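Student: sequence and computational prediction follow.
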Amino acid sequence: MDFQKTATMTAFPYRRAHFIGLAGVGMSATAILLRDSGVAVTGSDEAIYPPISHVLAQETFVCRTPYAPENIPDDADLIVIGKNARLTQDQNAEVAEAFARAARPGGPEIRSFAEVLALLSRGRENIVMAGSFGKTTSVAMMAHALASAGLDPSWMIGAVPLSPARASNAGAGDLFLLEGDEYPSSNTDDRSKFLHYRPAHVLLTPLAHDHVNVFPTIESYLAPFRQLLDLVPRDGLIVAATSGELSEHFLAGVEREVVTFGLARGDWRAKDIAYGEVSQFTLTERGREVARVRTTQLGAHNIENMVGVGAFALTRGLISVEQYAAAMASFRGVARRLDRKSDRTTVQIFEGFGSSYDKAKSAIAAMKQHFPRRRLLIVFEPHTFSWRNRNTLAWYDDVFAGCDRVFIYEPAHQGEGTHEQASLDEIMARVAGAGVDATPIRSCDEGLVKIGADMRGDDAVLFLTSGDIGGLIERLPALAEKRHPLPKSA
């Protein structure tokens, strides 16, 4: 197949779109992709914080705030509403206005951003990357590798990548890389987002039970992934990880050929791993050495992501071995996925995307692996429903094992009435019961005082959240730079 051919796409059926909840990572990436495809786009939101606020400014994309009915342009024929607990008709006047207009003859249509991506990717060779963790980084790695090799794929990454330079791209090539999220598409559509995407192929990263507020049982969580693989045509490629706690169970029920990968198990593996400022490993296929790979990314999980991307891209013949190795060496990572927050302090400060137990554990393990002689301070915010649900308090029994100090921010209150919300006191009691030295924080200023008093110049600090920890992610590195500056070069 000629992967550089110009795609034959069905014309997008709308001319002016308005996004309610624009500052979500998936929403903003889709809005920019839609704008770059020739559609007039506006948007609104309330809680806008880095890195999305920086992205919108860089893209000269005006986000109207606060939410209000008059934000919606009179000539909008498409309204895209995000999946957020506040974006319902009874809680949000702008959403109520959207549905009122949609009910009128000739009014705009309401869709989720997953449905928009499905329309944009019609007629393309869609590669959907799904899984419980690692999918965002894997999409970014794949996009970076293909673009570096001279291909021009389209992509949508549900985060802010450092490589490639943008979270979305309207490419001329036939390939369309899509981050496949299992979470419901919208407040009115319970289908997992990735079930809209018509996958030609799937790269499945490790699986572990997540989003317990939506998927209370293991089987309910795995069900949409089974539906996703059923959508792949018989000549499509499925590449799947072996390492997740549910991966082996899931793969045992897949009745078709699957190429597997992992650090220790699978058709494609990593061996002779050497961790350091620049880590190295040998990529193998069924025991055959394929390439020696270098990377500046932290942690075993990132090496596993690279093995998965290599397994897919090389099996499919998208790029050469040399192009793959060069791309992994130059890959700079994804914002909030173990990216360094300052290079002007002796304190090693990184941010991990702590939206789930497994993501938190892998980020903590990476910090211990790369900074074994430093104290490890964790600044954690239970932002997702999973972290602040009483049914998952057991996650706190060992998630911080081996960490020297933990600072826990007050749980987010958004959507607290939709599930069994745990309080900060309940979380602190569970952490204390696990024998962890933890301190509660209820504001950014309080956090600066408490963490600042404890932090030493030879510490390593890891932020873990999917929120902004009240602004600490920006303000604590500045404090570290002031109190523990990097010595000036002689």
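Tutor: Arrived safely. These numbers come from a predicted model, not from an experiment. Residues are numbered from 1 along each chain as shown.
Student: check contacts around residue 308.
Tutor: Shown here is residue 308, whose contacts under the criterion Cβ atoms under 8 Å, 6 or more residues apart in numbering are 134, 138, 203, 205, 239, 241, 261, 268. From N, CA and C alone the C-beta is placed, and that goes for glycine too.
Student: mind redoing it with 7 Å?
Tutor: 138, 203, 205, 239, 241, 261 (Cβ atoms under 7 Å, 6 or more residues apart in numbering).
Student: quick one: mean pLDDT over the helix or strand that contains it.
Tutor: Using DSSP states H and E, residue 308 sits within helix 300-316. Mean per-residue pLDDT for helix 300-316: 97.
Student: which strands and helices sit next to whichever helix or strand comes after it?
Tutor: Following the chain from helix 300-316 toward its C-terminal end, the next helix or strand by DSSP H and E is helix 321-330. Of the remaining helices and strands, those touching helix 321-330 by 3 or more Cβ pairs under 7 Å, 6 or more residues apart in numbering; DSSP states H and E are helix 135-148, strand 288-295, helix 300-316.
Student: tilt between helix 321-330 and strand 288-295?
Tutor: 30 degrees (axes from the mean of the first three to the mean of the last three Cα atoms, to 10 degrees).
Student: which residues sit against helix 321-330?
Tutor: Applying Cβ under 7 Å, 6+ apart, the set of residues contacting helix 321-330 from outside is 144-145, 148-149, 163, 290-291, 293-295, 306, 310, 313-314.
Student: give me that answer again for 6 Å
Tutor: For helix 321-330, contacts defined as Cβ atoms under 6 Å, 6 or more residues apart in numbering pick out 144-145, 148-149, 291, 293-295, 306, 310, 313.
Student: which of the residues in it are buried?
Tutor: Of all the residues in helix 321-330, those buried under the rule 16 or more other Cβ atoms under 10 Å are 323-328.
Student: try stretch 345-354
Tutor: Buried residues in stretch 345-354, counted by 16+ other Cβ under 10 Å: 345, 347-354.
Student: what's in contact with stretch 177-187?
Tutor: Stretch 177-187 is contacted from outside by 83, 88, 112, 114, 126-130, 135-136, 139, 142-143, 153, 155-158, 190-194, 197, 211, 224, using Cβ under 6 Å, 6+ apart.
Student: still on that earlier bit, can you list the buried residues in the helix holding residue 308?
Tutor: Buried residues in helix 300-316, counted by 16+ other Cβ under 10 Å: 300-316.
Student: please apply the same query to stretch 86-98.
Tutor: 87, 89, 92, 94-95, 97-98.
Student: stretch 147-160 now?
Tutor: Result for stretch 147-160 [16+ other Cβ under 10 Å]: buried residues 147-149, 151-160.
Student: how far out from the middle of the chain is it?
Tutor: Stretch 147-160 has its C-alpha centroid displaced from the chain centroid by 15 Å (Cα atoms, centre = their mean, to the nearest Å).
Student: among the contacts of residue 308, which are in strands?
Tutor: With strands defined by DSSP state E, the entries of the contacts of residue 308 inside them are 203, 239, 241, 261.
Student: so which of those residues is the closest to residue 420?
Tutor: The shortest gap between residue 420 and any of these belongs to residue 241, at 30.7 Å (Cβ to Cβ).
Student: closest one of the contacts of residue 308 to residue 338?
Tutor: Distance to residue 338 across the contacts of residue 308 (Cβ to Cβ) is lowest for residue 138, with 14.4 Å.
Student: quick one: the helices in the protein?
Tutor: Counting by DSSP state H, the segments of the chain that form helices are 25-36, 52-58, 93-102, 113-120, 135-148, 218-230, 247-252, 300-316, 321-330, 357-370, 424-433, 444-454, 472-483.
Student: can you pull the poorly scored residue ranges out of the protein?
Tutor: Low-confidence segments of the chain (pLDDT under 70): 1-10, 489-490.
Student: what angle do the helix holding residue 308 and helix 321-330 make?
Tutor: Per the same axes, to 10 degrees, the angle that helix 300-316 makes with helix 321-330 is 160 degrees.
Student: please save the CA atoms from helix 300-316 in CSV.
Tutor: Provided in CSV are the C-alpha atoms of helix 300-316 (Å, rounded to 0.1, in the frame of the first residue of the first chain):
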residue,chain,number,x,y,z
ALA,A,300,10.4,1.0,32.2
HIS,A,301,6.9,1.9,31.1
ASN,A,302,8.2,4.3,28.4
ILE,A,303,10.5,1.6,27.1
GLU,A,304,7.5,-0.7,26.9
ASN,A,305,5.6,1.9,25.0
MET,A,306,8.6,2.1,22.5
VAL,A,307,8.5,-1.7,22.1
GLY,A,308,4.8,-1.5,21.3
VAL,A,309,5.3,1.3,18.7
GLY,A,310,8.2,-0.6,17.2
ALA,A,311,6.2,-3.8,17.0
PHE,A,312,3.3,-2.1,15.2
ALA,A,313,5.3,0.2,12.9
LEU,A,314,7.8,-2.5,11.8
THR,A,315,5.3,-5.3,11.5
ARG,A,316,3.2,-3.0,9.3
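Student: tilt between it and helix 357-370?
Tutor: Using the same axes, to 10 degrees, helix 300-316 lies at 110 degrees relative to helix 357-370.
Student: so what touches stretch 375-390?
Tutor: In contact with stretch 375-390 (Cβ under 6 Å, 6+ apart) are residues 212-213, 355-356, 367, 392, 403-409, 411-412, 419-422, 459-467, 469.
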